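Undergrad: model this:
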Amino acid sequence: MAVVEQLLKAESDGTVSFGNYELDKKSKLEDFEHDGDMLKVKTFKDITRLEANDMFVYESVPGTAVTHFKENETGVSFFVEGKVDAQITLGMADNTEYEVFVDGFNEGRMKTGLGGKLSISVELSGKPIEVKVEEAV
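TA: Below you'll find the model as predicted:
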């Protein structure tokens, strides 16, 4: 997988791809309509951030490239790539427990607080890593 040259792109499977961790200067794309939502992405080597309808969805430090990002009522899934390990924060439901899977391994359960943010550390080694976050039952 490579960086997303268009900064934000709709995929044929209904998902979105975004982010370019190779940029030296911050770049952004606003007012990208997808599935009834207005998306905005800001990305460069230090940070990648995605918002939908002015609400926080995804942020990584440092910047990453994300492909096949899919969000539904019970969680999110995507592939992430970067030059170095990253801290990813996701906007999820408030006070909810989630099962977190990184590269096929169950990282355990994590609970969001009142703000609904969930933080995950991922080890990136130049190849795409799959991340799945599913509401625990």
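
Undergrad: what is the neighbour count of the closest residue to Leu7 other than its chain neighbours?
TA: Excluding the flanking residues, the one nearest Leu7 by C-beta to C-beta, 6 or more residues apart in numbering is Leu29, at 4.4 Å. (Glycine included, C-beta is placed from N, CA and C.) Other residues near Leu29 number 16, with proximity taken as other C-beta atoms under 10 Å.

Undergrad: surely Leu29 touches Leu8?
TA: Yes. Under the criterion of C-beta atoms under 8 Å, Leu29 makes contact with Leu8 at 4.9 Å.

Undergrad: any idea how far Met38 is from the residue nearest the centre of the chain?
TA: Nearest residue to the geometric centre of the chain (C-alpha atoms, centre = their mean): Tyr58, 4.4 Å. Look at Tyr58 and Met38: by C-beta to C-beta, to the nearest Å, they are 15 Å apart.

Undergrad: ditto for Ile129
TA: The value you get for Ile129 to Met38, if C-beta to C-beta is used, is 28 Å.

Undergrad: ok, the two, which is more surrounded?
TA: Remark: of Ile129 and Met38, Ile129 carries more neighbours, 19 against 13, as counted by other C-beta under 10 Å.
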